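**Student:** just a sequence and a predicted model for now, questions to come.
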Amino acid sequence: MGFLSFVFNAATVLLLMVGVVIVGVVLLRVFGALERRMDSRAAGRFFKFTGYFTLATCVVALVGGFVLYVTRAPDKAELERGMAKLFTYPSNRIRIDLNDVSDAQRQELVRVLQPLLKSTSRKFHQRVTTRRGGYAVEATLPSYYRLTADRLEIATGESFGNGRTMPMLFPQVLAHAANATTVPTLPAAIDAQIVRSDPAPVPLSLVSKTAELMVLTRQTLQGTQPLPAPCLMAIQAQVPTDHFEWLFGADRNGLGKDVRLQVNAVPGALPAGDYELRQLTLLGSERRRVLWERAAAQGHVAVQLGLAPVGLRESPGCEARLLKQLDRAWTVTALRNVSPALASAVKQVDIEQRPSRFSPWYAGFGWVAAQL
């Protein structure tokens, strides 16, 4: 990068000097044309004036150019980013075909995808050495997108391939959003029961509009409730007040082992399934009396559950496995709750696995840099 920086600086100085010479030549030619229209006495005085004026103009232009360059010159990281745009850089293209949605929905989709775009930007790091030591500089090459009536195109700033993989959650979230409009909507309340070591199950009603996944919430920055853990699905439920004592004990002391949630089937929308119940939290005040009075007034106890597919281990990469193991009805419902635009707008997703050369300067009109 040091040699490239030297070449850039030398070329800039050379171009500045050539520019000053061109300005001087142009001024002399203009003044020469005016001088030929004057008489000899006036022409002599005018020639002397124009000489001084041209010289002063060139000096001011040269000094001003150097000052401007020194104060506004790009650092090494910015220079590397500029060179990447000039000579093109490897980028993966992502094409998202859109449903027939309004312009407002398309703009909302772009806003929702900004965190995903940010995760595929590329950073340039350089070290600047001075007499007193040195310091680090950084520049970011953002991902670019182009939005039309029926398609959203994305060109990543960072390339993926040749052993490097795209952030796993990026394609998975988009894949779950594709054709989400074809997935039936779950009813507002879904019957289920908590199965524990005690023979008597605890019946409850799941509130589908509160289903949420940490992976979707963090990627879209639109969380509506505190989530229990990255690898769990959060959902609120309503439990009969007869089970208040057990719920209060589970909230304070933990659930124990082998506590599961059996969800009843919703014909045509959701198959029956078993889930590990790993967290249970009473919603509202922490005081027992206030919780009981509220539950008695409402006729039910409001709780938040943290669910996981049976056997899912909380380890690195479990967020992606959670998306894969959950029934798509749940992932699409959580997506609709967090980001309706993403769930309604995406029709099909095509992600190029092999990078190609790209630069927003040569790729045509309409490319916009993602927000950083």
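**Tutor:** Cool, got the structure. Numbering: from 1, shown residues only.
**Student:** how much space separates the residue positioned nearest the centre of the chain from R151?
**Tutor:** The structure's the chain has its C-alpha centroid closest to P115; by CA atoms, centre = their mean the separation is 1.4 Å. To R151, P115 is 21 Å away according to CB to CB, to the nearest Å. For glycine as for every other residue, the C-beta is placed from the backbone atoms N, C-alpha and C.
**Student:** ok, back up a step: could you check the pLDDT of the residue nearest to the centre of the chain?
**Tutor:** The score at P115 is 75. That number is its pLDDT.
**Student:** which residues in the stretch 51-200 of the chain form helices?
**Tutor:** With DSSP state H, counting those that start in this stretch as the criterion, the stretch 51-200 of the chain has helices at 76-87, 103-118, 169-177.
**Student:** pick the most deeply packed of these.
**Tutor:** Counting by mean count of other CB atoms under 10 Å, helix 169-177 has the highest mean neighbour count of these, with a mean of 21.
**Student:** where does this protein have low pLDDT?
**Tutor:** 1-16, 20, 24, 27-52, 54-55, 62, 64-75, 161-170, 215-230, 285-286 (pLDDT under 70).
**Student:** show me how it divides into domains.
**Tutor:** Taking automatic domain parsing as the criterion, the chain consists of the domains 2-73, 83-161+353-369, 183-338.
**Student:** now those as TSV including distance to S344?
**Tutor:** Below are the domains of the chain laid out as TSV (distance: least, CB to CB, whole Å):
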stretch	distance to S344
domain 2-73	45
domain 83-161+353-369	6
domain 183-338	8
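**Student:** for K209, the count of nearby residues, please.
**Tutor:** K209: 14 surrounding residues under other CB atoms under 10 Å.
**Student:** that one against N337, yeah?
**Tutor:** Yes - judged on CB atoms under 8 Å, K209 makes contact with N337 at a distance of 6.0 Å.
**Student:** and for the top strand by length along the chain, what are the contacting residues?
**Tutor:** Ranked by residue count under DSSP state E, the longest strand found in the chain is strand 202-213. The contact list for strand 202-213 (CB atoms under 8 Å, 6 or more residues apart in numbering) reads 186-194, 196, 223-225, 227, 233-240, 243, 246-247, 263, 300, 303-305, 322-323, 326, 330-331, 333-334, 337-338.
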